[in-house]
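Trainee: Generate a structure from the sequence data that follows.
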Amino acid sequence: MTVRSPIQGLDLSNATRMALTGYVAGVARQIAPGKVTINNLLPGTFATERVQALGETVERLIAKVPAGRAGTTEEFGAACAFLCSVQAGYITGQNLLLDGGLCSFTV
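Mentor: Residues are numbered from 1 along each chain as shown. This is a model prediction of the structure:
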């Protein structure tokens, strides 16, 4: 989600992620005629071992999420599976934000 809302102190990571979104948009236009799609999944806070190891820090992050919880790995996988499905065949060059509403509510 740092593509939409950069995190202070992660300048290199923020810049790299933003560059990747531009790259994907450009590649999407090049490969679309071949019926190939490419998209980005932009995860917010997900219940992974790495995030759970943050302890109190993750609790503060989750408290800011309008959905009131961290996402699950199954939800992330479902979004990925959808973008790989026939039903998503007309979706390309997009950035799908999976953050429980955090960035869409950030002012």
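
Trainee: how about the nearest residue to residue 42, chain neighbours excluded?
Mentor: residue 97 (4.6 Å; C-beta to C-beta, 6 or more residues apart in numbering). Any C-beta I mention is one placed from the backbone N, CA and C, and that applies to glycine too.

Trainee: now the spatially most central residue of the chain, what's its secondary structure?
Mentor: Geometric centre of the chain, nearest residue: residue 42, 0.8 Å, by C-alpha atoms, centre = their mean. Classification of residue 42 by DSSP: H, G, I helix; E, B strand; the rest coil places it in strand.

Trainee: Would you confirm that it contacts residue 102?
Mentor: No - shown here, residue 42 and residue 102 do not form a contact pair, counting by C-beta atoms under 8 Å, at 10.8 Å.

Trainee: residues of stretch 70-90 that come out buried?
Mentor: Neighbour counts using 16 or more other C-beta atoms under 10 Å place 70, 71, 76, 79, 83, 88 of stretch 70-90 among the buried residues.

Trainee: Residue 51 contacts residue 69, doesn't it?
Mentor: No - applying C-beta under 8 Å, one finds residue 51 not in contact with residue 69, separated by 11.9 Å.

Trainee: Which one of the two is surrounded by more residues?
Mentor: For residue 51 and residue 69, the more surrounded residue by other C-beta atoms under 10 Å is residue 51, and the numbers stand at 16 against 10.

Trainee: next helix or strand past the helix or strand containing that one?
Mentor: Assigned by DSSP states H and E, residue 51 falls within helix 49-52. On the C-terminal side of helix 49-52, the closest following helix or strand by DSSP H and E is helix 56-63.

Trainee: What are the contacting residues of that following helix?
Mentor: 45, 51, 52, 54, 68, 69, 70 (C-beta atoms under 8 Å, 6 or more residues apart in numbering).
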